[in-house]
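[1] Requesting a structural model of the entry that follows:
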Amino acid sequence: MEILAIPFFKELIAEARSFKTPLYVVGGAVRDRLLNRDSTDFDLTGNRAVEIARAIASKTRYTLVKLDDTPGRETLRVIVTDPIQFDFTTLQGEDIESDLKQRDYTLNALAISAEDFINEKDNYIDPCKGQADIESKTIRAVSARSLEEDPLRMLRGIRFAALLDFSIDPETLNQIAQRAERLRESAAERVLYELKLYLGSNNATKHFGSLYDCGLFKILFPGVTDSKEILKARLALIESNTPLPQSPDEEEMVVPRRPNPALLKLSALLFSLGGETDHDISPIADFLKSMKASNAEIATICHSIQTGHLFLKGPQESGDAAMYRFCRQTHPSFKEGLALAGAVNPQWSVDSATGLRSITSFYETVFLPGLDKEALINGNDLIHNFNIHPGPLFKTILDAVEEAKVLGSISNKEEALAFAKNMTQKIQFQQGEQ
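    Okay, the predicted model is just below:
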């Protein structure tokens, strides 16, 4: 258990005693304790759990957030510190055993009194044999009814399998397959949340077969027509962080692991949705909007996919200027696009290995450092020195000056102004001839 949670637990136990009612730690924190994993989220329940939450929040001055105000299912969250939080929910049923029997999977249908939890005693309440399933690394639904009551639990089961690297019980997988269509009833934002947690795990590829075979994949991605084998291979290449293919005399160059592996894997699954030739990004954007993805997530995924297509097409010219323009077009999704292109077409990365090393080296040693350098001139300089006002010419000149700076053709303001003056005169002369 996270050590910062211990003082709050002690205060909580004292508060529960004053209410003279049992308070239980349930679900993931109990499971994680049995797996020797740290927890920062703690779920608690009891007949007066919500009252206890209000009282302890008032005394400690910690933030209290209402998560659910449905009568009989009230849930309050007490935020102790980032990321430690405690969720208090009214007991479901007559006693703790009946509450646990309404939960999703047996490994989460475990409870222990808050006092025994903090004192590290092993007095677990386990009516669904969750300990045995944890021991055998099995994801097993508490009942088929639990999946029907909340269809999102089906996707959550796949997520738990990937997160913990457990196997899904065949009967549970069959129960999911029989009810896969009902996932459509779940709120899109909740579905996307679970999907990102699944894809963000290091075992998403290993458990992709379960997601696909039970029918949930087709419900999630109705427009994706790539085969199971192709999609799984893409995920595997993204997940493995495989070095780019190389010649025997070349040093190994690894594509750095992405800062958001879930979005990168989602990009890999959606890569062909816009077509293999026209690269129309609108179907992908529309899909993500329907999933209630944020604008930032939509922009990241769409640009990463566009960049992947640009890599497969490749720069149309050679030389530093062409590489600069390619980097400018693909930034900031350069590395994501490179990883996607290699995952979609592994043979391409073999055939293009030398060129990819050159452009990646240029991106990291020339383009990125150039972005960090202060601009030599700005729009005010163009207005003051050349009487040029914002418009197409304005941007053309500033972009050209930036390119010349990054490529080392100019290095100070005087040279930049001279470059801009020469370029302005050429453009105005050409316009005059037309």
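
[2] Grab the nearest non-local neighbour of residue 304.
    residue 336 (4.0 Å; CB to CB, 6 or more residues apart in numbering). (Glycine included, C-beta is placed from N, CA and C.)

[3] Touching, that neighbour and residue 265? I think so.
    No - assessed by CB atoms under 8 Å, residue 336 is found out of contact with residue 265, at 10.9 Å.

[4] State the helix or strand in which the residue lying closest to residue 376 once chain neighbours are set aside lies.
    Closest residue in space to residue 376, ignoring its immediate chain neighbours: residue 416 at 3.7 Å, by CB to CB, 6+ apart. Using DSSP states H and E, residue 416 sits within helix 413-433.

[5] about what we covered before: and the residue nearest to residue 376, what does it touch?
    376-377, 401, 404-405, 410 (CB atoms under 8 Å, 6 or more residues apart in numbering).

[6] Format the CA atom coordinates belonging to stretch 411-423 as CSV.
    Below are the C-alpha coordinates for stretch 411-423, written out as CSV (Å, rounded to 0.1, in the frame of the first residue of the first chain):
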residue,chain,number,x,y,z
SER,A,411,23.0,32.8,-38.5
ASN,A,412,22.1,36.3,-37.4
LYS,A,413,19.5,39.1,-37.9
GLU,A,414,21.4,41.0,-40.5
GLU,A,415,21.8,37.9,-42.7
ALA,A,416,18.1,37.1,-42.2
LEU,A,417,17.0,40.6,-43.3
ALA,A,418,19.3,40.4,-46.3
PHE,A,419,17.9,37.0,-47.2
ALA,A,420,14.3,38.3,-46.8
LYS,A,421,15.0,41.4,-48.9
ASN,A,422,16.5,39.3,-51.7
MET,A,423,13.6,36.9,-51.6
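
[7] Please work out the average pLDDT along that stretch.
    Stretch 411-423 carries an average pLDDT of 92.

[8] Check stretch 312-326 too.
    87.

[9] May I have it as CSV, with CA atoms only?
    This file holds the C-alpha atoms of stretch 312-326, laid out as CSV (Å, rounded to 0.1, in the frame of the first residue of the first chain):
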residue,chain,number,x,y,z
LEU,A,312,5.4,5.2,-46.7
LYS,A,313,5.3,7.6,-49.7
GLY,A,314,8.7,9.1,-48.7
PRO,A,315,10.3,12.5,-49.6
GLN,A,316,9.9,13.2,-53.3
GLU,A,317,13.3,15.0,-53.5
SER,A,318,16.8,14.5,-51.9
GLY,A,319,19.0,16.9,-50.0
ASP,A,320,18.9,18.8,-46.8
ALA,A,321,16.2,21.2,-47.9
ALA,A,322,13.9,18.3,-48.9
MET,A,323,14.5,16.6,-45.5
TYR,A,324,13.8,19.8,-43.7
ARG,A,325,10.5,20.3,-45.5
PHE,A,326,9.6,16.6,-44.8
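
[10] what residues does that stretch touch?
    Contacts for stretch 312-326 (CB under 8 Å, 6+ apart): 310, 341, 344-345, 348, 352, 355, 358-359, 362-363, 366-367, 403, 406-407.

[11] Now restrict those residues to buried residues only.
    310, 341, 344-345, 348, 352, 359, 362-363, 366-367, 403, 406-407 (16 or more other CB atoms under 10 Å).

[12] For residue 385, state which of those residues is nearest.
    residue 403 (19.4 Å; CB to CB).
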